[in-house]
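Asker: Could you look at this predicted model? Sequence included:
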Amino acid sequence: MASKVLLLVSLFLTFAFSIVGWSVVINALVKSNQESSYVKSAAPNGTIVDVNYHDIYSVCSVIAAVCALLTALSLVSAFSQISSIGRKRRLLHLQAFLMLFGALWLLATVIACDVLFATRSTKITATFDGFAVSQSSIQQMEQSIGVSPEYSKKWYLRLCAILPWFAVLFATLSGLLLHNAARNTDDYRSTEAAESEKIARTSDE
């Protein structure tokens, strides 16, 4: 009973932090679009500005997708534990495999996100009357409007780099607990079969 409660708590935390994971990515996308619009509006008339942050947001999009998957999986697993379906060994093994696979996938993606967050920055280019604006002029414009291109200085990207780690942790724990529950189901059935055989032999005697 205690192990089942622990599993349900772990599944709930996986569900909660998975929601947090894809929520911070959506929030970051909204904030970055607002910042991009602000940079373009601050440029002199006739200047065409291109703000490129697709590298980190391609990774963040994958984080959001995996977190959404873990959200659904943890919800289904919790429901099956509450109902009688939770005793089905094959379903438990499948849930454990999918949960651990999702945790591993999210781990790899979060590591990639952290590397980009720590080392990369937004690539801003601009042209004026068909001529490319020098990077020094672009940097001066960034300083004048108070915008830093470095990912590490953007608080909304910091959330994307940190909070999904909790989803990785609890998804891994949930996967291991589901695997353990499947093993216990096997042991329970083996014991039940042995007891039934023992009773049958006693009746024959």
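Answerer: In hand now; what should we look at? Numbers count the residues shown, from 1 in each chain.

Asker: for the nearest residue in space to residue 52 that is not next to it in sequence, phi and psi?
Answerer: With sequence-adjacent residues excluded and distances taken as Cβ to Cβ, 6 or more residues apart in numbering, residue 52 is closest to residue 123, at 4.2 Å. To be clear about C-beta, it is placed using only N, CA and C from the backbone, and glycine gets the same treatment. Main-chain torsions, residue 123, degrees, to the nearest 10: phi -90, psi 110.

Asker: and what of the one 5 residues further on?
Answerer: Residue 128 has phi and psi values of phi -130, psi 120 when expressed as degrees, to the nearest 10.

Asker: Any idea how many residues pack against it?
Answerer: When neighbours are counted by other Cβ atoms under 10 Å, residue 128 registers 15.

Asker: quick one, what contacts the residue nearest in space to the middle of the chain?
Answerer: Among the residues of the chain, residue 67 comes closest to the average C-alpha position under Cα atoms, centre = their mean, at 3.7 Å. With contact set as Cβ atoms under 8 Å, 6 or more residues apart in numbering, residue 67 has these partners: 18, 19, 21, 22, 25, 106, 164, 167.

Asker: One more pass at 10 Å, please.
Answerer: 14, 17-25, 102, 106, 109-110, 163-164, 167-168, 171 (Cβ atoms under 10 Å, 6 or more residues apart in numbering).

Asker: Using neighbour counts, trim those to the buried set.
Answerer: Neighbour-count burial within these applies to 14, 17-22, 24-25, 102, 106, 109-110, 163-164, 167-168, 171; the criterion is 16 or more other Cβ atoms under 10 Å.

Asker: I'd assumed residue 49 was in contact with the residue nearest to residue 52.
Answerer: No: if you go by Cβ atoms under 10 Å, residue 123 and residue 49 don't touch, sitting 11.3 Å apart.

Asker: Using CSV, list the CA coordinates for stretch 126-143.
Answerer: Extracted C-alpha coordinates of stretch 126-143, given in CSV (Å, rounded to 0.1, in the frame of the first residue of the first chain):
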residue,chain,number,x,y,z
ALA,A,126,19.9,44.5,-40.1
THR,A,127,19.9,46.2,-43.5
PHE,A,128,19.3,49.8,-44.3
ASP,A,129,18.4,50.8,-47.9
GLY,A,130,19.8,47.4,-49.0
PHE,A,131,23.1,47.8,-47.2
ALA,A,132,24.1,45.6,-44.3
VAL,A,133,24.4,47.3,-40.9
SER,A,134,27.6,46.6,-39.1
GLN,A,135,27.6,44.5,-35.9
SER,A,136,29.1,47.4,-33.9
SER,A,137,26.1,49.6,-34.9
ILE,A,138,23.7,46.8,-33.9
GLN,A,139,25.4,46.4,-30.6
GLN,A,140,25.1,50.1,-29.9
MET,A,141,21.4,49.9,-30.7
GLU,A,142,21.0,46.9,-28.3
GLN,A,143,22.7,48.8,-25.5
